[in-house]
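Undergrad: here is the input, now give the coordinates:
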Amino acid sequence: MPTMNAYSISHAGPASFINEDCFLSSGYVPDSYAMELQSQLSQTHQTSVSSKQTLCFAVFSGSGKPETARVCAQFAADELKDEITRLLPLPVENVPSLFERYLHRVQRRLAVAAEHDLTLSDLGASISCLVMRNAKANIMAIGSCSAYLYRIGQLKKLAPSHHGQPVLPSRAPATVELFSTGPIDVRENDRFLLCTPGVVEKLGEDALSHFLEIDEAGGAAQQIVSQALERGAGRSATCAVIDWSVQEPRREWGKSLEEMEKTVPVMEHIEHKPKKLKVKLDLPEKEVKIGKERLNIWEHFPIWVGYFGLGLLVAVAVLLYFLLR
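TA: Predicted coordinates for the structure are as follows:
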């Protein structure tokens, strides 16, 4: 069964105590309270999932003023989290249509909020999303978030940044310009990277490729965010590293998988029944009958004594009969 090991990390940045980013990790979204408490600390989440259902990972980056950008990124993440139950049974090729409806709903709700509060007129959100099912993946993006595939030491950009515009309330109900790669065949040990503009603006592809060589997904994600902050990222930095692998049965040397399956012993269920043990005893030829010896005392006398006693009893009985008449 396919296994996804994912590590997501988000940092508010050195110049601000407000995190303008957020992430979704297979159904988990850090709430606004947790993001506010993190201050200058990193908000992280690690998960390992083995499932045949469609899984979703995403990063979000808000635009505008820091406070409104934080609200927008958190809102977009929460709305996508609500779509997880609808997303699970869908094949990868059908996910973009669901994602477009999700973007339109986010856009409409942001537009309504902006109508009642003019300070929210500059709201916007950029999103990069990865959905995976079995050996298929699909990357969808809008705005300035990016996505990469690291395969056999080579880094390939799947979702270009600045595709279209962020989800802006002023554009509702205009058509959303969504980028989608379509179904991608995933190979063993493929690694995906989702990142926000705070990472892309400070780290080139050479640096990203260097950090993605780290074996553990958590170590790679932490190095990417820390290096982006050290190189002067003036905004929040967020990334998600997702590893894909399939655990196959261990093969013996010189044997194919088909030969191994034929030689695998089959464990059959054997019903347990108590067995009767036959014990051979060295007994005498004549069986000892203790109970009969106590009841049949005549066996100890000659046979004529028996007949004599019986006749005597008959005579006594006849005599008593005539005397009592």
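
Undergrad: can you pull out the strands in the chain?
TA: With DSSP state E as the criterion, the chain has strands at 2-11, 21-25, 43-50, 55-63, 124-133, 136-142, 146-151, 154-159, 179-180, 184-185, 190-195, 237-246.

Undergrad: where does the chain have low pLDDT?
TA: Along the chain, segments meeting pLDDT under 70 span 1, 15-16, 32-41, 51, 119, 161-164, 168-176, 233-234, 247-302, 325.

Undergrad: which of the strands of the chain sits closest to Ile224?
TA: strand 237-246 (5.2 Å; Cβ to Cβ). Just so you know, the C-beta spots here come from the backbone N, C-alpha and C atoms, and that holds for glycine as well.

Undergrad: residues of the closest one that come out buried?
TA: Within strand 237-246, the residues scored as buried using 16 or more other Cβ atoms under 10 Å are 237-245.

Undergrad: could these be laid out in JSON lines, adding distance to Ala159?
TA: Below are the buried residues of strand 237-246 laid out as JSON lines (distance: Cβ to Cβ, whole Å):
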{"residue": "Ala237", "distance to Ala159": "17"}
{"residue": "Thr238", "distance to Ala159": "15"}
{"residue": "Cys239", "distance to Ala159": "13"}
{"residue": "Ala240", "distance to Ala159": "13"}
{"residue": "Val241", "distance to Ala159": "15"}
{"residue": "Ile242", "distance to Ala159": "14"}
{"residue": "Asp243", "distance to Ala159": "18"}
{"residue": "Trp244", "distance to Ala159": "17"}
{"residue": "Ser245", "distance to Ala159": "22"}
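
Undergrad: go through those and name the one nearest Val92.
TA: Trp244 (12.9 Å).

Undergrad: picking up where we left off before, turn the strands of the chain into CSV, columns for distance to Leu98.
TA: Listed next are the strands of the chain as CSV, based on distance: least, Cβ to Cβ, whole Å:
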stretch, distance to Leu98
strand 2-11, 20
strand 21-25, 14
strand 43-50, 20
strand 55-63, 10
strand 124-133, 9
strand 136-142, 10
strand 146-151, 18
strand 154-159, 18
strand 179-180, 11
strand 184-185, 18
strand 190-195, 18
strand 237-246, 20
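
Undergrad: so which of the ones you listed gets nearest Glu205?
TA: Nearest to Glu205, of those and by Cβ to Cβ, is strand 154-159 at 5.4 Å.

Undergrad: alpha carbons of the closest one, as CSV, please.
TA: The C-alpha coordinates for strand 154-159 follow below in CSV (Å, rounded to 0.1, in the frame of the first residue of the first chain):
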residue,chain,number,x,y,z
GLN,A,154,16.7,16.1,-10.4
LEU,A,155,14.4,19.0,-9.4
LYS,A,156,11.5,19.9,-11.7
LYS,A,157,9.2,22.8,-11.2
LEU,A,158,5.6,21.6,-11.6
ALA,A,159,3.6,24.7,-10.7
